[in-house]
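>>> 3D model of this:
(one chain, ligands or ions: 2)
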Amino acid sequence: MIILKTPDDIEIMARAAKLVAETLQVLKREVRPGITTDDLDKIAEDSIRSGGGVPAFKGYRNYPKTLCASVNEEVVHGIPSKRELKEGEIIGLDLGAIIDGFYGDSAMTLPVGPIPPRVAELLRVTEEALEAGIAQAIVGNRLSDVSHAIQRHAEAAGFSVVTEFVGHGIGRQLHEDPQVPNYGKPGSGPRLQVGMVLALEPMVNMGKSGVRILDDEWTAVTKDGSLSAHFEHTIAIQASGPPRILTTL
Ligand code: MF3
Ligand code: CO
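Ligands and ions are numbered 1, 2, ... in the order given. Presented below is the predicted three-dimensional model:
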């Protein structure tokens with residue numbers, strides 16, 4: 001069941017989402033060789049709490065940290081640790097916050113210093129795939145029009161989309177209906193309506209699409225060891241025109 005949000009609900013969600021966006025900007029300035037993913041986790045938790053929010057992931061299904069920090073071939077759900085970032089790596093930062101009972105959720109993938117051109121392209125194309133999905137998130141379209149746009153953009157560049165994890169509705173729960181796959185044929189699924197709030201989150205691999213979970217029971221990595229990127233925004237469908245991106249400054 002898709003829970004539609006009122007305009008008042010959406011204003012609260014916008015506050016949670018903005019706090020997530022601000023915190024990701026703080027983290028972006030801190031990503032550099034030598035910093036550990038635990039350092040980033042602490043900065044994230046301090047920023048969310050000082051902004052009046054509660055970390056959304058900590059304790060969710062026993063997830064132990066505020067931040068998901070996924071390095072290189074890690075796709076999503078990398079657990080912060082004493083691992084130090086090295087020049088030439090990429091890191092996906094995924095973060096959620098709760099304010100007044102509503103969730104915001106966003107992710108970005110960043111280079112650690114200079115990276116090769118094809119890796120920079122992976123990051124750019126994944127962010128563009130998210131933007132292509134957002135552009136289809138309009139009243140009158142169906143959900144799979146969003147999914148299809150994401151897949152098409154990623155595959156046109158020679159990359160593959162991850163199928164085991166999906167975007168999602170979001171509201172008073174981190175994960176609500178509907179699921180939003182990052183692949184599919186256009187023209188199916190529920191019609192998009194004003195009041196729907198969705199977290200779109202393409203995960204795109206440089207090589208093959210397969211993933212597996214490490215023994216920590218969280219970290220998803222590419223089966224072929226290829227690099228992977230992830231971008232996510234929380235968006236609200238509007239009565240007309242493109243959606244409102246809630247996870248912005
Ligand atoms: N953005 C991810 C999601 O929506 C983050 C979840 S991490 C978890 O699924 F730890 F909370 F599971
Ligand atoms: Co999400």
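>>> gap between the two ends of stretch 168-184?
Start and end residues of stretch 168-184 are separated by 15 Å (C-alpha to C-alpha, to the nearest Å).
>>> what's the mean pLDDT across that stretch?
For stretch 168-184, mean pLDDT rounds to 98.
>>> list the buried ones in that stretch?
Buried residues in stretch 168-184, defined by neighbour count with 16 or more other C-beta atoms under 10 Å: His168, Gly169, Ile170, Gly171, Leu174, Glu176, Pro178, Val180, Pro181, Asn182, Tyr183, Gly184. C-beta coordinates here come from the backbone N, C-alpha and C atoms, glycine included.
>>> likewise for stretch 193-209?
For stretch 193-209, burial by neighbour count (16+ other C-beta under 10 Å) applies to 195-206, 209.
>>> ok, now stretch 3-15?
Lys5, Asp9, Ile10, Ile12, Met13, Ala14, Arg15.
>>> can you lay out the residues you listed as CSV showing distance to Ser226?
What follows is these, written out as CSV (distance: C-beta to C-beta, whole Å):
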residue, distance to Ser226
Lys5, 37
Asp9, 40
Ile10, 38
Ile12, 39
Met13, 35
Ala14, 36
Arg15, 38
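>>> quick check: residues of this protein near ligand 1?
Applying the criterion C-beta under 6 Å from any ligand atom, the portion of the chain that neighbours ligand 1 consists of 57, 60-61, 63, 68, 77, 94, 105, 107, 168, 199, 201, 232.
>>> which of these are buried?
Judged by neighbour count, with 16+ other C-beta under 10 Å as the criterion, the buried members of these are Phe57, Tyr63, Cys68, His77, Asp94, Asp105, Ala107, His168, Ala199, Glu201, Glu232.
>>> show me what contacts the last one?
I take that to be Glu232. By C-beta atoms under 8 Å, 6 or more residues apart in numbering, the contact list for Glu232 reads Asp94, Asp105, Ser106, Ala107, Met108, Leu130, Gly167, Ala199, Leu200, Glu201, Pro202, Thr247.
>>> tell me how far the nearest residue to Leu85 once chain neighbours are set aside lies from Glu84.
Once flanking residues are discounted, Leu85 sits nearest to Val112: 4.7 Å by C-beta to C-beta, 6 or more residues apart in numbering. Note on Val112: its distance to Glu84, by C-beta to C-beta, to the nearest Å, is 10 Å.
>>> how about Leu110?
Leu110 sits 15 Å away from Glu84, taking C-beta to C-beta as the criterion.
>>> okay, the buried ones among the residues of the chain next to ligand 1 in JSON lines with distance to ligand 2 next?
Putting these into JSON lines (distance: C-beta to the ion, whole Å) gives the following:
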{"residue": "Phe57", "distance to ligand 2": "9"}
{"residue": "Tyr63", "distance to ligand 2": "12"}
{"residue": "Cys68", "distance to ligand 2": "9"}
{"residue": "His77", "distance to ligand 2": "10"}
{"residue": "Asp94", "distance to ligand 2": "7"}
{"residue": "Asp105", "distance to ligand 2": "4"}
{"residue": "Ala107", "distance to ligand 2": "7"}
{"residue": "His168", "distance to ligand 2": "6"}
{"residue": "Ala199", "distance to ligand 2": "4"}
{"residue": "Glu201", "distance to ligand 2": "5"}
{"residue": "Glu232", "distance to ligand 2": "5"}
